[in-house]
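> generate a structure from the sequence data that follows.
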Amino acid sequence: MLTAGADLAQFKKNPAMFFQHNDYDVPIGRWENLRVEGSKILADAVFDMDDEFARTIAGKVDRGFLKMASIGAWPLEFNDSPALMITGQQEPTITKWRLREASVVSIGANHNAVALYDEQGKIISEPQLVQLKDRIIKKPENKMKEIAIALKLADTASEQEVLVKLNELQGANATLAQEKADLEGRVKTLSDAEAARLKAEAAAMVDAAILDGRINADGKAQMLSLFDKDHTAAKSVLENMPKRVRLSGQVEGKNTQLNGREDWTYMDWAKKDAKGLNDMRLKDNAAFVALRTQYVAQV
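Next up is the predicted model:
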(Lines give C-alpha, C1' and ligand atoms only; values in the text may rest on other atoms or scores of the structure.)
Protein backbone atom coordinates (compact mmCIF):
# COMPACT_ATOMS: atom_id res chain seq x y z
CA MET A 1 0.00 0.00 0.00
CA LEU A 2 1.44 3.34 -1.04
CA THR A 3 1.47 5.94 1.70
CA ALA A 4 1.16 8.62 -0.99
CA GLY A 5 -2.17 7.08 -2.02
CA ALA A 6 -3.77 7.43 1.40
CA ASP A 7 -7.02 9.38 1.76
CA LEU A 8 -7.17 10.45 5.42
CA ALA A 9 -9.88 13.11 5.18
CA GLN A 10 -12.83 10.97 6.28
CA PHE A 11 -10.91 9.35 9.13
CA LYS A 12 -9.91 12.76 10.52
CA LYS A 13 -13.60 13.55 11.03
CA ASN A 14 -13.98 10.54 13.35
CA PRO A 15 -10.55 9.12 14.31
CA ALA A 16 -11.94 6.18 16.27
CA MET A 17 -9.67 3.64 18.01
CA PHE A 18 -10.90 0.04 18.34
CA PHE A 19 -9.46 -3.19 19.68
CA GLN A 20 -8.79 -5.99 17.15
CA HIS A 21 -10.70 -4.08 14.40
CA ASN A 22 -13.92 -4.70 16.34
CA ASP A 23 -15.71 -1.66 14.95
CA TYR A 24 -19.10 -3.14 15.83
CA ASP A 25 -18.29 -2.39 19.47
CA VAL A 26 -17.81 1.04 21.03
CA PRO A 27 -14.40 2.72 20.52
CA ILE A 28 -11.80 2.40 23.26
CA GLY A 29 -10.31 5.79 22.42
CA ARG A 30 -9.31 8.09 19.59
CA TRP A 31 -6.25 9.02 17.54
CA GLU A 32 -4.83 12.52 17.63
CA ASN A 33 -2.12 14.37 15.74
CA LEU A 34 -2.59 12.24 12.61
CA ARG A 35 0.33 12.99 10.30
CA VAL A 36 2.42 11.67 7.43
CA GLU A 37 6.18 11.60 7.84
CA GLY A 38 7.92 10.27 4.76
CA SER A 39 6.55 6.79 4.13
CA LYS A 40 4.99 6.55 7.62
CA ILE A 41 1.53 7.48 8.86
CA LEU A 42 1.67 8.34 12.57
CA ALA A 43 -0.89 9.19 15.23
CA ASP A 44 -1.01 9.54 19.02
CA ALA A 45 -3.25 7.13 20.96
CA VAL A 46 -5.66 8.65 23.48
CA PHE A 47 -7.49 5.99 25.52
CA ASP A 48 -10.92 6.51 27.08
CA MET A 49 -9.89 6.12 30.71
CA ASP A 50 -13.50 6.34 31.90
CA ASP A 51 -14.18 3.00 30.18
CA GLU A 52 -13.08 -0.08 32.16
CA PHE A 53 -12.15 -2.17 29.12
CA ALA A 54 -10.28 0.75 27.52
CA ARG A 55 -8.31 1.20 30.78
CA THR A 56 -7.37 -2.50 30.62
CA ILE A 57 -6.04 -2.17 27.06
CA ALA A 58 -4.26 1.09 27.88
CA GLY A 59 -2.57 -0.64 30.83
CA LYS A 60 -1.35 -3.51 28.66
CA VAL A 61 0.04 -0.99 26.16
CA ASP A 62 1.78 0.98 28.90
CA ARG A 63 3.25 -2.20 30.40
CA GLY A 64 4.46 -3.45 27.00
CA PHE A 65 2.13 -6.43 26.63
CA LEU A 66 0.47 -4.95 23.53
CA LYS A 67 2.83 -3.36 21.01
CA MET A 68 0.96 -3.42 17.70
CA ALA A 69 -1.53 -1.18 15.95
CA SER A 70 -3.27 -1.94 12.69
CA ILE A 71 -5.16 0.24 10.24
CA GLY A 72 -8.40 -0.75 8.54
CA ALA A 73 -8.59 0.55 4.98
CA TRP A 74 -10.73 0.49 1.86
CA PRO A 75 -8.65 -0.28 -1.26
CA LEU A 76 -9.69 2.02 -4.11
CA GLU A 77 -7.17 1.37 -6.86
CA PHE A 78 -4.73 -1.44 -7.69
CA ASN A 79 -1.73 -1.41 -10.01
CA ASP A 80 0.12 -4.56 -11.05
CA SER A 81 3.17 -2.72 -12.45
CA PRO A 82 6.41 -4.49 -11.36
CA ALA A 83 7.96 -1.06 -10.85
CA LEU A 84 5.73 -0.53 -7.81
CA MET A 85 6.41 -3.91 -6.17
CA ILE A 86 8.84 -4.60 -3.34
CA THR A 87 10.94 -7.72 -2.94
CA GLY A 88 8.76 -10.81 -2.44
CA GLN A 89 5.53 -9.01 -3.40
CA GLN A 90 3.20 -11.14 -5.51
CA GLU A 91 -0.11 -9.28 -5.47
CA PRO A 92 -0.65 -5.86 -7.09
CA THR A 93 0.14 -2.66 -5.21
CA ILE A 94 -2.74 -0.71 -3.69
CA THR A 95 -2.05 2.78 -5.06
CA LYS A 96 -5.13 4.51 -3.63
CA TRP A 97 -6.93 3.69 -0.41
CA ARG A 98 -9.07 5.31 2.28
CA LEU A 99 -8.30 5.03 5.99
CA ARG A 100 -11.38 3.64 7.75
CA GLU A 101 -10.25 2.98 11.32
CA ALA A 102 -7.16 2.14 13.36
CA SER A 103 -7.00 -0.48 16.11
CA VAL A 104 -4.77 -1.70 18.89
CA VAL A 105 -4.21 -5.40 18.09
CA SER A 106 -2.56 -8.46 19.56
CA ILE A 107 -1.12 -9.50 16.19
CA GLY A 108 -1.34 -7.44 13.01
CA ALA A 109 -3.11 -8.78 9.91
CA ASN A 110 0.27 -9.03 8.17
CA HIS A 111 3.83 -7.82 8.68
CA ASN A 112 2.65 -4.30 7.81
CA ALA A 113 -0.27 -4.56 10.25
CA VAL A 114 -3.06 -3.83 7.80
CA ALA A 115 -6.64 -5.07 7.51
CA LEU A 116 -8.60 -4.43 4.30
CA TYR A 117 -12.36 -3.91 4.13
CA ASP A 118 -14.85 -4.43 1.28
CA GLU A 119 -17.64 -2.03 0.26
CA GLN A 120 -19.94 -3.46 2.97
CA GLY A 121 -17.39 -2.81 5.71
CA LYS A 122 -16.40 -6.46 6.21
CA ILE A 123 -12.75 -7.49 6.53
CA ILE A 124 -11.54 -9.08 3.29
CA SER A 125 -9.95 -12.51 3.28
CA GLU A 126 -7.24 -13.35 0.73
CA PRO A 127 -9.65 -14.99 -1.80
CA GLN A 128 -11.99 -12.00 -1.48
CA LEU A 129 -9.07 -9.64 -1.99
CA VAL A 130 -8.26 -11.35 -5.29
CA GLN A 131 -11.88 -10.90 -6.40
CA LEU A 132 -11.86 -7.25 -5.40
CA LYS A 133 -8.56 -6.71 -7.21
CA ASP A 134 -9.97 -8.26 -10.36
CA ARG A 135 -12.94 -5.90 -10.25
CA ILE A 136 -10.74 -2.83 -9.87
CA ILE A 137 -7.90 -3.75 -12.23
CA LYS A 138 -9.18 -3.67 -15.80
CA LYS A 139 -7.27 -6.03 -18.02
CA PRO A 140 -6.68 -4.77 -21.59
CA GLU A 141 -8.88 -7.47 -23.07
CA ASN A 142 -11.66 -6.62 -20.63
CA LYS A 143 -11.38 -2.95 -21.51
CA MET A 144 -11.64 -3.76 -25.21
CA LYS A 145 -14.72 -5.89 -24.52
CA GLU A 146 -16.34 -3.07 -22.54
CA ILE A 147 -15.57 -0.56 -25.31
CA ALA A 148 -17.04 -2.89 -27.94
CA ILE A 149 -20.25 -3.30 -25.95
CA ALA A 150 -20.49 0.47 -25.42
CA LEU A 151 -20.18 0.92 -29.19
CA LYS A 152 -23.03 -1.58 -29.69
CA LEU A 153 -20.67 -4.13 -31.21
CA ALA A 154 -20.38 -7.80 -30.29
CA ASP A 155 -18.25 -8.38 -27.19
CA THR A 156 -15.99 -10.47 -29.42
CA ALA A 157 -15.31 -7.56 -31.79
CA SER A 158 -11.69 -7.20 -32.84
CA GLU A 159 -9.56 -4.13 -32.20
CA GLN A 160 -9.81 -3.29 -35.92
CA GLU A 161 -13.62 -3.41 -35.80
CA VAL A 162 -13.60 -1.13 -32.76
CA LEU A 163 -11.28 1.35 -34.52
CA VAL A 164 -13.51 1.39 -37.61
CA LYS A 165 -16.56 2.09 -35.45
CA LEU A 166 -14.74 4.85 -33.56
CA ASN A 167 -13.70 6.46 -36.87
CA GLU A 168 -17.30 6.32 -38.06
CA LEU A 169 -18.49 7.99 -34.88
CA GLN A 170 -15.76 10.61 -35.14
CA GLY A 171 -16.87 11.42 -38.70
CA ALA A 172 -20.50 11.58 -37.59
CA ASN A 173 -19.57 13.89 -34.74
CA ALA A 174 -17.70 16.17 -37.14
CA THR A 175 -20.76 16.30 -39.41
CA LEU A 176 -23.05 17.08 -36.48
CA ALA A 177 -20.69 19.80 -35.30
CA GLN A 178 -20.74 21.41 -38.76
CA GLU A 179 -24.52 21.16 -38.96
CA LYS A 180 -24.77 22.74 -35.51
CA ALA A 181 -22.50 25.59 -36.60
CA ASP A 182 -24.57 26.10 -39.77
CA LEU A 183 -27.82 26.19 -37.81
CA GLU A 184 -26.38 28.65 -35.32
CA GLY A 185 -25.27 30.84 -38.24
CA ARG A 186 -28.75 30.76 -39.77
CA VAL A 187 -30.38 31.59 -36.45
CA LYS A 188 -28.05 34.56 -36.01
CA THR A 189 -28.79 35.78 -39.52
CA LEU A 190 -32.53 35.53 -38.92
CA SER A 191 -32.15 37.21 -35.55
CA ASP A 192 -30.14 40.07 -37.04
CA ALA A 193 -32.68 40.48 -39.85
CA GLU A 194 -35.58 40.56 -37.40
CA ALA A 195 -33.77 43.09 -35.23
CA ALA A 196 -33.18 45.31 -38.29
CA ARG A 197 -36.85 44.99 -39.31
CA LEU A 198 -38.07 46.00 -35.85
CA LYS A 199 -35.65 48.93 -35.74
CA ALA A 200 -36.89 50.18 -39.12
CA GLU A 201 -40.53 49.74 -38.05
CA ALA A 202 -39.89 51.68 -34.84
CA ALA A 203 -38.26 54.55 -36.73
CA ALA A 204 -41.16 54.71 -39.21
CA MET A 205 -43.79 54.67 -36.45
CA VAL A 206 -42.03 57.38 -34.44
CA ASP A 207 -41.65 59.60 -37.52
CA ALA A 208 -45.33 59.12 -38.33
CA ALA A 209 -46.27 60.00 -34.75
CA ILE A 210 -44.30 63.23 -35.00
CA LEU A 211 -46.03 64.15 -38.28
CA ASP A 212 -49.55 63.58 -36.98
CA GLY A 213 -48.83 65.34 -33.71
CA ARG A 214 -48.95 62.41 -31.27
CA ILE A 215 -45.46 63.29 -30.04
CA ASN A 216 -43.11 66.17 -30.66
CA ALA A 217 -39.62 65.96 -32.12
CA ASP A 218 -38.04 66.30 -28.67
CA GLY A 219 -39.63 63.02 -27.60
CA LYS A 220 -38.24 61.03 -30.53
CA ALA A 221 -35.12 59.72 -28.80
CA GLN A 222 -37.07 58.71 -25.70
CA MET A 223 -39.66 56.84 -27.74
CA LEU A 224 -36.99 55.02 -29.79
CA SER A 225 -35.32 54.00 -26.51
CA LEU A 226 -38.66 52.55 -25.34
CA PHE A 227 -38.88 50.58 -28.56
CA ASP A 228 -35.41 49.14 -27.94
CA LYS A 229 -36.46 47.94 -24.49
CA ASP A 230 -39.92 46.60 -25.37
CA HIS A 231 -41.03 46.90 -28.97
CA THR A 232 -44.56 45.61 -28.36
CA ALA A 233 -45.22 47.95 -25.43
CA ALA A 234 -43.89 51.00 -27.28
CA LYS A 235 -46.00 50.16 -30.32
CA SER A 236 -49.09 49.91 -28.12
CA VAL A 237 -48.34 53.29 -26.51
CA LEU A 238 -48.07 55.02 -29.89
CA GLU A 239 -51.17 53.36 -31.30
CA ASN A 240 -53.25 54.54 -28.33
CA MET A 241 -52.06 58.16 -28.47
CA PRO A 242 -54.68 60.53 -29.96
CA LYS A 243 -53.67 62.19 -33.21
CA ARG A 244 -53.61 65.97 -33.55
CA VAL A 245 -56.98 67.18 -34.87
CA ARG A 246 -56.93 69.25 -38.04
CA LEU A 247 -59.35 72.15 -37.63
CA SER A 248 -60.25 72.06 -41.31
CA GLY A 249 -62.43 69.05 -40.62
CA GLN A 250 -63.81 70.38 -37.37
CA VAL A 251 -64.81 73.96 -38.16
CA GLU A 252 -65.44 73.89 -41.90
CA GLY A 253 -68.43 76.13 -42.64
CA LYS A 254 -68.37 77.59 -39.12
CA ASN A 255 -67.94 81.20 -38.25
CA THR A 256 -64.30 80.66 -37.31
CA GLN A 257 -62.07 81.77 -40.19
CA LEU A 258 -59.09 79.38 -40.58
CA ASN A 259 -57.20 81.34 -43.22
CA GLY A 260 -54.36 78.78 -43.42
CA ARG A 261 -54.43 77.95 -39.72
CA GLU A 262 -55.54 74.33 -40.20
CA ASP A 263 -52.30 73.00 -38.62
CA TRP A 264 -52.25 75.39 -35.68
CA THR A 265 -51.98 73.77 -32.28
CA TYR A 266 -53.81 74.88 -29.20
CA MET A 267 -50.77 76.89 -28.09
CA ASP A 268 -50.47 78.47 -31.56
CA TRP A 269 -54.01 79.77 -31.21
CA ALA A 270 -53.45 80.87 -27.62
CA LYS A 271 -50.31 82.83 -28.48
CA LYS A 272 -51.22 84.17 -31.93
CA ASP A 273 -55.00 84.58 -31.89
CA ALA A 274 -56.49 84.25 -28.45
CA LYS A 275 -59.71 85.93 -29.61
CA GLY A 276 -60.10 83.41 -32.45
CA LEU A 277 -59.54 80.59 -29.95
CA ASN A 278 -62.29 81.99 -27.74
CA ASP A 279 -64.60 82.33 -30.77
CA MET A 280 -63.95 78.65 -31.53
CA ARG A 281 -64.90 77.76 -27.96
CA LEU A 282 -68.18 79.65 -28.29
CA LYS A 283 -69.13 78.77 -31.87
CA ASP A 284 -67.68 75.25 -32.27
CA ASN A 285 -67.00 73.81 -28.84
CA ALA A 286 -66.33 70.30 -30.25
CA ALA A 287 -63.36 71.57 -32.29
CA PHE A 288 -62.11 73.53 -29.27
CA VAL A 289 -62.33 70.47 -27.00
CA ALA A 290 -60.50 68.29 -29.56
CA LEU A 291 -57.73 70.89 -29.87
CA ARG A 292 -57.46 71.26 -26.11
CA THR A 293 -57.39 67.47 -25.59
CA GLN A 294 -54.57 67.10 -28.09
CA TYR A 295 -52.54 69.73 -26.23
CA VAL A 296 -53.05 68.03 -22.86
CA ALA A 297 -52.05 64.64 -24.30
CA GLN A 298 -48.80 66.08 -25.64
CA VAL A 299 -47.97 67.81 -22.38
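> quick one: the helices in the stretch 101-250 of the chain?
126-136, 140-150, 159-211, 220-229, 231-239, 247-250 (DSSP state H, counting those that start in this stretch).
> got JSON lines for those, with mean pLDDT and mean neighbour count too?
(Each C-beta comes from the backbone N, C-alpha and C, glycine too.) What follows is the helices of the stretch 101-250 of the chain, written out as JSON lines (pLDDT from 0 to 100; neighbours: other Cβ atoms under 10 Å):
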{"stretch": "helix 126-136", "mean pLDDT": "51", "mean neighbour count": "13"}
{"stretch": "helix 140-150", "mean pLDDT": "71", "mean neighbour count": "13"}
{"stretch": "helix 159-211", "mean pLDDT": "87", "mean neighbour count": "12"}
{"stretch": "helix 220-229", "mean pLDDT": "89", "mean neighbour count": "14"}
{"stretch": "helix 231-239", "mean pLDDT": "88", "mean neighbour count": "14"}
{"stretch": "helix 247-250", "mean pLDDT": "48", "mean neighbour count": "16"}
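> okay if I get those helices as JSON lines plus distance to Pro92?
Formatted as JSON lines, the helices of the stretch 101-250 of the chain follow (distance: least, Cβ to Cβ, whole Å):
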{"stretch": "helix 126-136", "distance to Pro92": "6"}
{"stretch": "helix 140-150", "distance to Pro92": "15"}
{"stretch": "helix 159-211", "distance to Pro92": "25"}
{"stretch": "helix 220-229", "distance to Pro92": "66"}
{"stretch": "helix 231-239", "distance to Pro92": "68"}
{"stretch": "helix 247-250", "distance to Pro92": "100"}
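> tell me the bridge partners for the residue nearest to Asp7 when sequence neighbours are not counted.
Of all residues not flanking Asp7 in the chain, Arg98 sits nearest, at 4.3 Å (Cβ to Cβ, 6 or more residues apart in numbering). Beta-bridge partners recorded for Arg98 (DSSP bridges): Asp7, Trp74.
> for Arg98, give me the pLDDT.
Here, the pLDDT recorded for Arg98 equals 90.
> distance check, it against Lys272.
Counting by Cβ to Cβ, to the nearest Å, the gap from Arg98 to Lys272 is 94 Å.
> which one's more surrounded, these two?
For Arg98 versus Lys272, neighbours defined as other Cβ atoms under 10 Å are more numerous around Arg98 (17 against 11).
> the more buried one contacts Glu77, correct?
No - at 10.5 Å, Arg98 does not count as touching Glu77 under the criterion of Cβ atoms under 8 Å.
> before we move on, back to that, contacts only, for the residue nearest to Asp7.
Arg98 makes contacts with 6-7, 10-11, 73-74, 76, as judged by Cβ atoms under 8 Å, 6 or more residues apart in numbering.
> so which of the residues you listed is the closest to Tyr295?
Gln10 (79.5 Å; Cβ to Cβ).
> secondary structure class for Ile41?
Classification of Ile41 by DSSP: H, G, I helix; E, B strand; the rest coil places it in strand.
> and it, how far from Lys283?
Here the criterion is Cβ to Cβ. By it, Ile41 lies 108 Å from Lys283.
> kindly report the same for Thr293.
Taking Cβ to Cβ, one finds Thr293 at 18 Å from Lys283.
> before we move on, back to that, of the helices of the stretch 101-250 of the chain, which is nearest Gln89?
Gln89 lies closest to helix 126-136 among the helices of the stretch 101-250 of the chain, at 13.0 Å (Cβ to Cβ).
> does Asp44 count as helix, strand or coil?
Of the three states, Asp44 takes strand according to three-state DSSP.
> for it, give me its contacts.
With contact set as Cβ under 8 Å, 6+ apart, Asp44 has these partners: 31-33.
> again, but for Ala148
Contacts of Ala148 (Cβ under 8 Å, 6+ apart): 154-157, 161-162.
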